[in-house]
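[1] sequence? don't have it. structure:
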């Protein structure tokens, strides 16, 4: 089956710092890749996605590029804000069911 | 759109009691998922439905857990009898044709 490995957190940064959260995956077929974000006390919501190799997903200043050769989908943001503090989940879906498999999540804490 | 609605938002009960969690998916969505989130195990898929039919319940931890979807706009997850190790946040999510999942706000269950 599919699997996702994310860097363990928490990741602690100062405001305006550069963010990278690593994500690698194993999957069959032609997977789609996702980043979801969970703000405190809320459910997960889609942040961005990419459906084929070399696609770049972007939203709210976050970006991630689908790298098939390295099976990676790292999340980046050039300048984080306190309001970005949340848990970030990488996910992959493929195969007949297309049900996503989620990583363990990476907690991001941004200090003023 | 109101989004996915879950109730109650918080539930505190005593060991041995029956617990029923409720979910109203987004109108028009044909897939519904139940997840459990804990610090130790992360986000676990318990069961999912397609057009009100349970497709995969392999994630349901044991026979104490059951889920139903009597119609397209309502689903329940029941735990009977509840145990302290069932304490977690339970999420319901829905989507159309297995695309981006939309999560509810979750039910925080505490079993004393």
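    Sure thing, it's come through. What you are looking at is a predicted structure, and each value in this text was computed from that prediction instead of being measured. Numbers count the residues shown, from 1 in each chain, chains lettered A, B, ... in the order given.

[2] alpha carbons only for contacts and neighbour counts from here, please
    OK.

[3] any idea how far residue B:43 is from the residue most central in space within chain B?
    By Cα atoms, centre = their mean, chain B has its centre lying nearest to residue B:34, at 3.5 Å. Noted for residue B:34: a distance of 10 Å to residue B:43, by Cα to Cα, to the nearest Å.

[4] and chain B, which of its residues are near chain A?
    B:41-43, B:91, B:98-106 (Cα under 8 Å from any Cα of the partner chain).

[5] narrow those residues to just the buried residues.
    In the residues of chain B next to chain A, burial by neighbour count holds for B:43, B:91, B:98, B:100, B:101, B:102, B:103, B:104, B:105, B:106, counting by 16 or more other Cα atoms under 10 Å in any protein chain shown.

[6] can you redo those residues as a markdown table with pLDDT, secondary structure and distance to residue B:21?
    Putting these into a markdown table (pLDDT from 0 to 100; DSSP: H, G, I helix; E, B strand; the rest coil; distance: Cα to Cα, whole Å) gives the following:
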| residue | pLDDT | secondary structure | distance to residue B:21 |
| --- | --- | --- | --- |
| B:43 | 92 | strand | 17 |
| B:91 | 97 | strand | 10 |
| B:98 | 67 | coil | 23 |
| B:100 | 85 | coil | 23 |
| B:101 | 91 | coil | 19 |
| B:102 | 93 | strand | 17 |
| B:103 | 95 | strand | 15 |
| B:104 | 96 | coil | 12 |
| B:105 | 95 | coil | 12 |
| B:106 | 96 | coil | 10 |
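
[7] which one of the residues of chain B next to chain A is nearest chain A?
    residue B:105 (4.5 Å; Cα to the nearest Cα).

[8] and the closest one, what does it touch?
    Residues in contact with residue B:105 (Cα atoms under 8 Å, 6 or more residues apart in numbering or on different chains) are A:41, A:42, A:43, B:4, B:5, B:6, B:9, B:91.
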